[in-house]
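> Next come a sequence and a model predicted from it.
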Amino acid sequence: MSKDTVTAVREDGLRYSSKVGGSPFLGSGHTRSCFKCGKHRAPASLQSIRLLGRNEVVCKPSCKTLP
């Protein structure tokens, strides 16, 4: 998810950075993160389970089987 950052030193000695525009989330932008692995996925590929007394969304069927 990291994008290339270009830094340069101006004549007055200050450093600034510029990043490439755009979003790291492809598609329609409707994503949620898995509670276990933290990867962002479409809501259709997540399932809700009761975990630690709360309803959390996790990968369906499991985090290890999805790329």
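Right, received. Where do you want to start?
> Let me see the confidence value for the nearest residue to Cys63 once chain neighbours are set aside.
Among residues not flanking Cys63 along the chain, Cys37 sits closest, at 4.1 Å (CB to CB, 6 or more residues apart in numbering). Quick note: C-beta positions are derived from backbone N, CA and C, even for glycine. pLDDT recorded at Cys37 is 88.
> repeat for Ile49
Reported pLDDT for Ile49: 91.
> same question, Leu46
pLDDT for Leu46: 90.
> Give me the spatial nearest neighbour of it, chain neighbours excluded.
Nearest residue to Leu46 in three dimensions, chain neighbours excluded: Val57, at 4.3 Å (CB to CB, 6+ apart).
> is that neighbour in a bridge, and if so with what?
Val57 forms beta bridges with Ser48, as assigned by DSSP bridges.
> my guess is it meets Arg50, correct?
No. Using CB atoms under 8 Å as the test, Val57 is too far from Arg50 to be in contact (11.4 Å).
> the more surrounded of the two?
Using other CB atoms under 10 Å as the criterion, Val57 and Arg50 rank with Val57 on top: 18 against 8.
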